[in-house]
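A.B. asks: One predicted model, sequence on top.
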Amino acid sequence: MSEAAPVTPVLTNAAPVRMNLARRLLKRPVGVGAAVFLLLIAVLAVIGGAIAPLDPTYADIRAVLAPPSAEHLLGTDGSGRDVWSRLLFATQTSVLAALLAVAVAIVIGVVSGLIAGYYQGWFNTVATWVTELNMALPGIVVLLAARAVVGPSVWTAMFIFGILLAPSFFRLVYAAVTAVRGELYVDAARVSGLSDTRIIGRHVLSVVRAPIIIQAAIIAGIALAIQSGLEFLGLGDVNTPTWGSMLTDGFKNIARTPFLLIWPSLAIALTCIALTLLANVMRDELERTVSVRRKRRRAVTTATGSVAAVTTSVSTSGGEPIEDPDELPVIENQGVIRHAEDARSKATEKVLEVRDLRVGYDQPDGSHIEVVHGVSLDIRKGEVHGLIGESGSGKTQTAFAVLGLLPRGGHVTGGSILYEGTELAAASERTYAGIRGKRIGYIPQEPMSNLDPSFTIGSQLVEPLRKHLGLSKKDATERSLDLLARVGIPQPKRTFDAYPFEVSGGMAQRVLIAGAVSTDPDLIVADEPTTALDVTVQAEVLDLLRDLQAERNMAMLLVTHNFGVVADLCDRVTVMQNGVFVEQGPVRSIFHQARHPYTQALLDAILDEGPARAPLAAKGARA
Ligand SMILES: Nc1ncnc2c1ncn2[C@@H]1O[C@H](COP(=O)(O)OP(=O)(O)OP(=O)(O)O)[C@@H](O)[C@H]1O
Ligand code: NI
């Protein structure tokens, strides 16, 4: 694939997609109209009290139901109070009370939705239960009951109404968070060592922000309508001027002065309509953005040809097996065959020491399955250790255990992972925070899904540098640009400013490699780093990996399907099958004297001449 060219066609159209929502709203007349009206209402709500000519409760009994005049701009109501003044005060109260409901709903709904969606666990169970209970409550009855207990107050009513509305935000946020949480780029953010709050703030909130705003506009309209309705039914506080109470007064005098009804009705109706229209326009615009972005992204992946090569995503298991498992010999666990170490490697200090590692998964039915059954390996300073085996043999699980990145339900159930003297098996997120993404780098299998589509490539490189190395923005930027140049990106500045969907898969993988080595880690874990790439790019990326590894003398755990890659890059290799290691040793020794039938079968498969996996003694034994 052409590495230099592919960005061009995509870059040209990218700008409008990123244009911010507010600015695009201004291009829609309906949106502008609604926004301007709401702004006017907001201004009146703020300054209403100050510009009102008279006290809203001051009653001039000589001028009951007076027509508009210089003294009473909109006339007076049934008690001789100035309608214009009351309208101004009512705007303040009604709007603020509606906002109170929205604020309460947002605070409760968004916070609990974020926590429940992100951490799951018991909080999720409780929150979901409470939400369902809340939704089952008949709102009006609750409001009436509350009025009976605490008296008629528009503030209490709206506060309680806010609680009743919280589930709509809870569900919205919960759904969005659960979806985002599964995205690989959130894993990638965890790898780069961002704390949970940072991840939520950056990745999760950025996704739910717009839907929350839209929902808030809708909810504000509903709160306003309900509030007015309650007061119109005479359930409000008659002494506080609100749109609803003015409506009641107007209704009482409808026969004599129909005008009284018009002002509050207009205020309520227009505000509700404006809120709904604004929400709709925002939603339209948002959906357009998303669909454009998706389309563009698809186009890019197809253009680079990586789609066909993408196998399984790292967080899920399974996928296309490299070999038909039926044709491979399966040997019961007889213990790993270890080849003698060469003297040079024995002398170097160990970076990673894995002993008897076991990884298991909780099943939905409460049982527990083990997928890695007690494996041990050492990686020494500057050494590349290949981990090879068929699909589903547990390579990724082993690598993820080292990274502390096992998906939900996965645990290290036994053994130890010692990294430069720190025990990582069952280590807390805190321990990992100082290590993962800083002292252990990670290069994922699928570059595209490990970059966050909503941030520029540059910002995703700069952020970990600032966090882990405490660099200033300027230094981190400089370093990122150097790294981008080092990993062979032709126009570093341009890629730095680009969004992930604007670059090819090969470029994206180079970016991730740059990110992984940026903090000068002692160990890099790479899970099939070239599987998702175009064949022509694979070799280049492997070359790059080899060069960087040698240049920085990093140790590397390289998960792969391919013995060719092992031969090319690795010093030592471990062959894995069905959750156990079957053979381990220096690459040269394994190549020359593979002893385990499975290793032999894998080796045979890469030889060009001769029948692949020809006569297998163990084959018959399996049936
Ligand atoms: N979330 C999970 N829950 C239960 N079992 C899982 C889960 N993820 C993986 N496994 C199991 O763990 C085993 C090892 O999977 P792993 O992803 O480590 O294989 P792999 O060797 O990396 O394969 P591939 O080459 O396809 O990436 C598989 O049998 C799989 O079924
Ligand atoms: Ni894997």
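C.D. replies: Arrived safely, thanks for sending. Ligands and ions are numbered 1, 2, ... in the order given.
A.B. asks: and the chain, which residues reach ligand 1?
C.D. replies: Taking Cβ under 6 Å from any ligand atom as the contact definition, the chain meets ligand 1 at 312, 317, 319, 361, 371, 389, 391-397, 407, 409-410, 561. Just so you know, the C-beta spots here come from the backbone N, C-alpha and C atoms, and that holds for glycine as well.
A.B. asks: again, 5 Å this time
C.D. replies: When proximity is defined as Cβ under 5 Å from any ligand atom, the chain approaches ligand 1 at Ser317, Gly319, Tyr361, Val371, Ser391, Gly392, Ser393, Gly394, Lys395, Thr396, Gln397, Pro407.
A.B. asks: Tell me the first helix or strand C-terminal of the helix or strand encompassing the third one.
C.D. replies: Under DSSP states H and E, the secondary-structure element containing Tyr361 is strand 350-362. Toward the C-terminal end, the helix or strand that comes next after strand 350-362 (DSSP H and E) is strand 368-380.
A.B. asks: Now do the same contact list for Thr57.
C.D. replies: Residues counted as contacts of Thr57 (Cβ atoms under 8 Å, 6 or more residues apart in numbering) are Arg81, Asn239, Pro241.
A.B. asks: any chance of those in TSV, plus neighbour count, secondary structure and pLDDT?
C.D. replies: Output for those, formatted as TSV (neighbours: other Cβ atoms under 10 Å; DSSP: H, G, I helix; E, B strand; the rest coil; pLDDT from 0 to 100):
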residue	neighbour count	secondary structure	pLDDT
Arg81	22	strand	79
Asn239	9	coil	74
Pro241	27	coil	83
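A.B. asks: follow-up on the earlier one: between the residues of the chain next to ligand 1, which is nearest Val537?
C.D. replies: Checking those against Val537 with Cβ to Cβ, the nearest one is Gly319 at 20.3 Å.
A.B. asks: And the closest one, what's its pLDDT?
C.D. replies: What the model reports as pLDDT for Gly319 is 34.
A.B. asks: residues near Gly139, how many?
C.D. replies: When neighbours are counted by other Cβ atoms under 10 Å, Gly139 registers 14.
A.B. asks: ok, now how distant is it from Val191?
C.D. replies: Gly139 is 45 Å from Val191, where distance means Cβ to Cβ, to the nearest Å.
A.B. asks: and if you look at Leu569?
C.D. replies: Going from Leu569 to Val191 by Cβ to Cβ gives 21 Å.
A.B. asks: do Glu420 as well
C.D. replies: Here Glu420 is placed at a distance of 17 Å from Val191 (Cβ to Cβ).
A.B. asks: okay, those two: which has more neighbours?
C.D. replies: Neighbour count, other Cβ under 10 Å: between Glu420 and Val191, Val191 has more, with 27 against 16.
A.B. asks: Skipping its backbone neighbours, what lies nearest the more buried one in space?
C.D. replies: Closest residue to Val191 apart from its sequence neighbours, by Cβ to Cβ, 6 or more residues apart in numbering: Tyr442 at 4.4 Å.
A.B. asks: Just to be sure, that neighbour is in a strand?
C.D. replies: Yes. Assigned with DSSP: H, G, I helix; E, B strand; the rest coil, Tyr442 falls within a strand.
A.B. asks: Tell me who's in contact with it.
C.D. replies: Ala188, Val191, Leu403, Leu405, Arg436, Ala516, Ile524, Val525, Ala526, Asp527 are the contacts of Tyr442 under Cβ under 8 Å, 6+ apart.
A.B. asks: I appreciate the help and will end here.
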